[in-house]
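Colleague: Predicted model and sequence below, questions to follow.
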Amino acid sequence: MSTLATDYEPIGIRLGSFSGGPEAATLALLTLNAFQPLATQSGTDAALDDLHALQSEAAAGEHDAMLDDATLELGKRFLLALPKSLPVPSLGLDRDGELRFDWTAPLRRMLSVSLRSDGRVAYAVRLGARRATHGVEVFDDAIPEKIVRAVRELQQ
């Protein structure tokens, strides 16, 4: 028999709060670093939930386009292929049925990526008032390097 934990307590709080010396502090840091990928993965899980919600909304007529099964599946693969060190994008559905992945940063910097059912990836990035670029790539279960670099630049 198992029980459900009703209260969540971040793992790092107890490890670093007692006076166990430098070994305890090292253990706390190692533990937090070990669990960091799980926190990032939960962001991906939330984005996957958003993707399914987007499909339901489109099916209910809340969007100008439908999200077909092929594009949905490709969108899942796109999210799962994102390097775990990158932030998870917000999702949208373009009028032509393409999935849109958006990353935003302060000072009106942004990256918008549209994914079509055949793997075509169109992107536009604005990194400053006079610094913008756009292009078309192919998603073949690996995020195009230009897109990864653009997201990393937004984080700086």
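Modeller: That came through fine.

Colleague: use CA for all of it now, contacts and neighbours both
Modeller: Will do.

Colleague: Please determine how far the residue nearest to the spatial centre of the chain is located from residue 132.
Modeller: In the chain, the centroid-proximal residue (C-alpha atoms, centre = their mean) is residue 88; its distance is 1.8 Å. Remark: distance between residue 88 and residue 132 (C-alpha to C-alpha, to the nearest Å) = 21 Å.

Colleague: swap in residue 82?
Modeller: Here residue 82 is placed at a distance of 22 Å from residue 132 (C-alpha to C-alpha).

Colleague: So which of these two has more stuff around it?
Modeller: For residue 82 and residue 132, the more surrounded residue by other C-alpha atoms under 10 Å is residue 82, and the numbers stand at 19 against 13.

Colleague: Now that one. Nearest residue, chain neighbours left out?
Modeller: What sits nearest to residue 82 in space, not counting adjacent residues and going by C-alpha to C-alpha, 6 or more residues apart in numbering, is residue 143, at 6.4 Å.

Colleague: how many other residues sit next to residue 130?
Modeller: Counted with other C-alpha under 10 Å, the burial measure for residue 130 works out to 7 neighbours.
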